[in-house]
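Q: Just to be clear, the model below is a prediction. Sequence and coordinates:
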Amino acid sequence: MRLLAVLFGATLICFSSGLAWSQQGSRSGAGAQDLHQEAAQLQELRGRLNNPDPTVRMLALRSVARSNNPLHKRLAISLGISSADAEVHEMAVRVLLSSVRQIRIDFLDTDGQPISSDETSGRPELPRQARRHGRQALDHLLLTITTFDVETGFIDGVVEGASCGKFTGSVPGARISWATRGNRCSGTLQYNQEIGEFRGTLNLGRQPTELVRWRHN
């Protein structure tokens, strides 16, 4: 009986091990199949985004804008945002906004260089962009997006880092424009293809206009 029990137990162990290896092999095969399928989809999307027909390109971008696939959005943004086709470029900006939750706006000096918060204290010789805002030295603001409509370009959210509050805005063309109630705080951002980032201006209340940037990648 003991011998039979031992043999039965060994058989169960072998069966369980074989089943585990079989399941692991199935999962590995499924994973490889998923990667192959994703690669094929990306290749097909690249073809549509590079199609000479502008209608095909726009339909591809609109499809990606409604998608939740981050790889598809990244590809569409990289190909579309530097496009010479104005409509494709505009839609690529909207795809970008549909994929982010915050926009970090960095303050720039008169040479277009970012300013560190460490530099904003006790340096009266710095340009006006490096001034103190209230008691807090600012080197950037955050626009936290609550709503963005890809079709209309409507955008709203909250400004963090200054006493601005909620904002609303729009994306006419490839320009991002926003303002808070009473225009207490407002700004614009336009993609600069030469340097590969958004540049623009920012107004905080009655203070002088700031030079700013948004590095989206």
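A: On my side now, so go ahead.

Q: what about stretch 158-168, average pLDDT?
A: Mean per-residue pLDDT for stretch 158-168: 89.

Q: what sits up against it?
A: 133-134, 136, 138, 140-144, 146, 154-157, 178-181, 184-185, 204 (Cβ atoms under 8 Å, 6 or more residues apart in numbering). In this view, the C-beta of every residue, glycine as well, is placed from N, C-alpha and C.

Q: got the CA coordinates for that stretch in PDB?
A: Included here for stretch 158-168 are C-alpha records, laid out as PDB according to Å, rounded to 0.1, in the frame of the first residue of the first chain:
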ATOM      1  CA  VAL A 158      -7.000  74.300 -12.400                       C
ATOM      2  CA  VAL A 159      -3.800  76.400 -12.200                       C
ATOM      3  CA  GLU A 160      -1.500  75.200  -9.500                       C
ATOM      4  CA  GLY A 161       1.500  77.200  -8.200                       C
ATOM      5  CA  ALA A 162      -0.100  80.700  -8.200                       C
ATOM      6  CA  SER A 163      -3.300  82.300  -6.900                       C
ATOM      7  CA  CYS A 164      -5.200  81.800 -10.200                       C
ATOM      8  CA  GLY A 165      -7.800  79.100  -9.600                       C
ATOM      9  CA  LYS A 166      -9.800  77.400 -12.400                       C
ATOM     10  CA  PHE A 167      -9.200  78.100 -16.000                       C
ATOM     11  CA  THR A 168     -11.000  77.500 -19.300                       C
END
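
Q: How about that stretch, which residues are buried there?
A: Val159, Ala162, Cys164, Phe167 (16 or more other Cβ atoms under 10 Å).

Q: just to revisit the earlier point, so which of the contacts of stretch 158-168 belong to strands?
A: 133, 136, 140-144, 146, 155-157, 178-180, 185, 204 (DSSP state E).

Q: Confidence-wise, which of the residues you listed comes last?
A: Within these, lowest confidence goes to His133 (46).

Q: before we move on, back to that, any chance of the buried residues of stretch 158-168 in CSV with distance to Ser78 as columns?
A: Formatted as CSV, those follow (distance: Cβ to Cβ, whole Å):
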residue, distance to Ser78
Val159, 28
Ala162, 32
Cys164, 31
Phe167, 28
